[in-house]
Structures are given as structure tokens and as C-alpha cells.
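> Predicted structure and sequence below. I'll ask about it afterward.
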Amino acid sequence: MSISVRKPAFLVSAFILIILLPGGLGCTPAKAATVRIGYLLGDLHQLPFFVAQDRGYFADEGVNVEVAGPFDAGPAEMDALAANQLDMGYVGIAPSVLAAARKIELSIIAGVNLEGSALVSETGINSVADLKSKKVATPAPGSIQYVMLGMLLAKNSLSFADLDLFPGTIKPPDMPQALQTGRISGYFVWEPFVAKSVAGGYGKALVESKEIWPGHPCCVVVTRNDFALKNDNTVAAVIRAHRRAIDFITGNPTEAKAIAQKWTRLDAAVIDNAFTRVKYTYALSKDDVKRFAREIISLGESGTIKPIITSGDVPDLDAFVNKVVDLQYIQR
Amino acid sequence: MSILLFLIVWEVAALAANLPQLFPTPVDVIRALYDLLIAPGPAGLPWAGELWGNTIISLWRVLVGFAIAAVSGILLGVAIGWWRTARDLLEPVIEILRPIPPLAWIPLAMLWFGLGFTPAVFLIWLGAFFPILLNTVLGMESTPKKLVEVAKTLGANSGQILFKVGVPSAAPSIMAGLRIGIGIGWMCLVAAELTGSNSGLGYMIMYYYSTMEAAKTVAGMLMIGIIGFLMFTALKKAEDKLLFWRVQP
């Protein structure tokens, strides 16, 4: 073949390639990063996660979320994180601190909510001391409600030994019914399962968690360190979506409550009641995390609760908190 | 020797995995066993230490559940295996209930019996009852007709035939049923205690799973295995003594 025939063929091929190439590079969307996020069963505190899912905030940031769970309590979620079944999670601050104290490589990177739990009791009970020898349920040992019940008892010069405690035996959604049928006399749990008994008229919020520690951090967002190292942008994107969700809840409470109803499957009256006790914020304070760790340690040392973390596990609290709490994502 | 080899393989695998929170080494577990031995026991048994205190509580639940299962299973099994009326009446109901795993009864157990001792005993009873019942029925039905006829010829009444021919003939099968029953009952223990208890070995395992102390969780599991093995061995020895007329292979 002479060059005069090959040249046009070459030019046509080059022309076609040049037309197609930009399409190949720019017009097809980049593959969305995938992240497995865990959350807790019916937990109103984790509304930002539900909102971000429903309103597509994660998708807007180019993140594909695989929902893992829900989990009955924080410690189970942290076990899944440790076993690499999760990349990030919405979870209580106590289980995250516990997992970190057990040398699981995770970081606490954003707040989710403050307060929002309570000790619910039968309507006939008037003080914490009235619960002596009675059956009281909490989520699993190591959950924030378990720890805060310990803090409340310590304030009343009581300990877990004074109650007939059932930690982790009854799932949070089943606690209101257990109270109603008289199987237990009290329970300490996250919203909306406080409101369920209160709205139902068979329970009362004997002590709200904010009375034990005003403004206490409750749920946080955590990430596995190895995941964050390799997927820094994805983690940042998730937190951006998370912040957007919190802003939405603050500015649009009615719509937020509708989403809450959908995810918790409870009616409007219960959600309304529950909302009065929960404060949403993505702010996170190292001092608060440090205080929580110190509380868990000292409750165990004083014998109020069975020791979960000892000062031997965390000899230098400041170094521990500096390592575990990573504020960069909420500051970006 | 095989246990030693097993321990070595375990130690190496655990060190290689390097996830002490999830995969403890044998050394970690032995240390955990020691810690559990000296830690104060559960409510009502503080002197027994955590490990033995919870073991005693679990053992008590299983023995009560098993005893009820043995009495109810053998009585019903003899009736069904011996009298056609009883079989026709009861067998359909039993055949429907039998395939339902004890775990499926957990919500009902908690609804009917609340928390603590009773629902756990109920679930253990459920687990142990059916093997005992079925083996008793089988044993009774397998009574050689010839023996019954010989007894009749010798002038025995129906009561004597039942208790001197039927039941002894069924005895090996009944004992086998009891051995299987206690095994399943013991296995149901963990499930039974995971929902509705705040004491016992099953609860202890759940507690240390939650506080992420894997070594203590495994120590609890080990205790369950050891106690199960001891119960099984004890029953086998009792069986050999009671059924002394059997020719040992």
C-alpha cells in the first residue's frame, strides 16, 4: 500500500479518538468512593445520619454509603469496626473511648449530639434510691447510658450492686414494653425510647442525662485510622454531609422529625417529646472526651461499677485523648 | 499430646493475627481464667469468685431444667411408646412442636416468665425434653414382643409387664436420650442466658464481649466446654453402672 492511502486512514482514526477521548475522561462520572457506616438501632441521636441518607447529602459529595447495622449497642458496633466490617460509625462516646483504650486504631472525628438520654422509671418511683434492689435495664456494658447510670448512682451514694441490673439483656426498642409489663422497674436508654414510655403514660423520665452532666457529649462519628489514611477525601466528604445534615435539622425541625419517624417507626407524639431532650451539634471537645474517660476509670476504681477501663489501660490521659480525637475534619 | 499441639497452633495463630482484642492467645486466656477465679462472685455468691459463682448459677439452672425434662420426657415417652391412644393423641402435637428450635421460643419465654431464672430454665427444658421423649418412645416401642408374651404366659399383669419388661428393655435408649438431652440443654444455656439473665456463664460471656475483653470471653467459653465434658462423662459412668447387665463391647 502506498502512503497516500494509509495517511487518510490514520487521520480518520486519530480524529475519532480525539472525539471520543474527552467523553471517556470527562463526561462519564468518576466512580463513587464507598464507605461502610454503622449506626445504632432506632437511635434518634443519629438523626443526622438518617437525614444525610434520605436527602442524598452523601451522594452529593460523591460518596456511596453502605449501611452496616443497625447495632443494638455501641460495643457491638465497635467490635465490628475492629473486625474491619465497618469503616466509620455513628456511636456513643463511651464505646469509642473503650475501643480506643483497648488499642483499636480509631479516631473520634466529629460530634453528633449532646444529652438526649434518661433514666425512665415506673410512675410510682420518686427517687433514684427507690430503685434499690429493683430490676433496671441498660444497653450493653460500656455503653454511654451504662456509664451515666453509674455516674448518677455515685452521686446518690449508690452503686450497681444496689440495683438488680440487666445490662445488654433487653434491646432498647423493647425496654418501654418491659417497663409497661412490669418486667423491669426502670431503664436508662437513648431517645426516642424514653419518650415512648413517657408519651404512653406508663413511665416517667426520672432523671435526664443532662441533669447528670449538663451539655454532655453523647454520640460521635468515628473512623478506622487505616481507612482514614487511605481515604482522607472520603472521610472529609462524609463529615461535610454530616454537618449539612445537622444544619438541616436545626433549620427544618418539622421535616427532620418526619425523617425521624420514618427511621424509628414511632409516631409523631413520641418524636415530638423525644426532640425536646436531644441537641444536635458536630462540635467536639477534647476536654469532654478526657472527662468521660476519667469518669469511666474512676467509677471502676471506686467500685460503683465493675471496672471497664483502668488507669493501667490509659496511663497518660492527655496523650490518649490527643491521639484519639482528631478535629481536622470538622475544622476543614 | 493433641491438646498441647492444639495450644501451640493457637498461640502461633493468635500472635500472627495480632488482634488481641478479638483473638487472644492461650496465655491471655489462662491469665483471664485466673483473674475470673479471684474476682468477687455474682450477687448471692460473692465468696465463690466470678468464674465458679457463675458456673454454679448456670449448673443449677441446667440441672433444674434437665430434671423437669427427664421426668416429663420419660413419663410422656412411656405413655406414648406403650399405649396407642396416648400416641394417637399426643404425637401430632409433639411432631409440630419438635422442629421449633429453642431459640425461637426466646421472645415467648421472656413474655411469659420475665427475666432471670424461670425463662432460662424453660429454654433448657425445651432443649432437653424432645431427645429424652423421643428416645423413650423409641425404647418402649422396641420392646421385643417375645418378652411381653413370655411375661403374659408366666401370669404377669399389665403393670408388671410395663415396669419389669417394657421399661428395663427401653432403659438403654432412655439413658441415651438423657445423655443427649443434657448435652442440648447445656448448649441452650448460653442462648437462654443471653436474653433475660444477669448472671451465669452465658451472661458472663456476653458481658466480656461487650467490654471487649476477649480473653475473658474465651475463658468463659472454655469453662462451658469443660463442664459439658464433665457432665457427659459423669452420665456415661452412671449409665454403665445402672445398665450393668449390658455386655460391654
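Received the coordinates, thanks.
> what's the distance between A:Ser264 and B:Ala69?
In this structure residue A:264 is Thr, not Ser. Per C-beta to C-beta, to the nearest Å, A:Thr264 is found 41 Å from B:Ala69. Backbone N, C-alpha and C define where each C-beta goes, glycine included.
> who's more crowded, these two?
For A:Thr264 and B:Ala69, the more surrounded residue by other C-beta atoms under 10 Å in any protein chain shown is B:Ala69, and the numbers stand at 27 against 24.
> Give me the buried positions along the one helix or strand B:Met221 maps to.
Following DSSP states H and E, one finds B:Met221 within helix B:214-242. Buried residues in helix B:214-242, defined by neighbour count with 16 or more other C-beta atoms under 10 Å in any protein chain shown: B:214-221, B:223-224, B:227-228, B:231, B:235, B:239.
> Just the pLDDT for A:Gly26.
A:Gly26 is assigned 46 on the pLDDT scale.
> Over to A:Arg6?
Listed pLDDT for A:Arg6 reads 61.
> A:Val12 too?
Per the predicted model, pLDDT is 64 at A:Val12.
> Then B:Met140?
92.
> now the closest residue to A:Gly42 other than its chain neighbours: how far from A:Leu41?
Spatial nearest neighbour of A:Gly42, excluding adjacent residues (C-beta to C-beta, 6 or more residues apart in numbering or on different chains): A:Thr264 at 4.6 Å. Distance, A:Thr264 to A:Leu41, using C-beta to C-beta: 9 Å.
> A:Leu152 against A:Val128, yeah?
Yes - in this structure, A:Leu152 is within contact of A:Val128 by C-beta atoms under 8 Å, at 6.3 Å.
> quick one: common contacting residues for these two?
Common neighbours of A:Leu152 and A:Val128, using C-beta atoms under 8 Å, 6 or more residues apart in numbering or on different chains, are A:Leu119, A:Val207.
> can you give me the strands for the stretch 201-332 of chain A?
Per DSSP state E, counting those that start in this stretch, the stretch 201-332 of chain A carries strands over the ranges A:203-208, A:219-224, A:278-280.
> Could you find the closest non-adjacent residue to B:Lys216?
B:Tyr208 (4.0 Å).
> and the host helix or strand of the one you found, C-alpha only, in PDB?
Taking DSSP H and E as the criterion, B:Tyr208 maps to helix B:201-210. Taking C-alpha atoms only, helix B:201-210 is exported to PDB below (Å, rounded to 0.1, in the frame of the first residue of the first chain):
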ATOM      1  CA  LEU B 201     -21.700 -18.300  82.300                       C
ATOM      2  CA  GLY B 202     -23.700 -17.300  79.300                       C
ATOM      3  CA  TYR B 203     -24.200 -13.800  80.700                       C
ATOM      4  CA  MET B 204     -20.600 -13.600  81.700                       C
ATOM      5  CA  ILE B 205     -19.500 -14.300  78.100                       C
ATOM      6  CA  MET B 206     -21.900 -11.600  76.800                       C
ATOM      7  CA  TYR B 207     -20.600  -9.100  79.400                       C
ATOM      8  CA  TYR B 208     -17.000  -9.500  78.400                       C
ATOM      9  CA  TYR B 209     -17.800  -9.400  74.800                       C
ATOM     10  CA  SER B 210     -19.400  -6.000  75.400                       C
END
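> Going by contacts, tell me the helices and strands next to it.
If you count contacts as 3 or more C-beta pairs under 8 Å, 6 or more residues apart in numbering or on different chains; DSSP states H and E, helix B:201-210 packs onto helix A:74-82, helix B:49-82, helix B:167-194, helix B:214-242.
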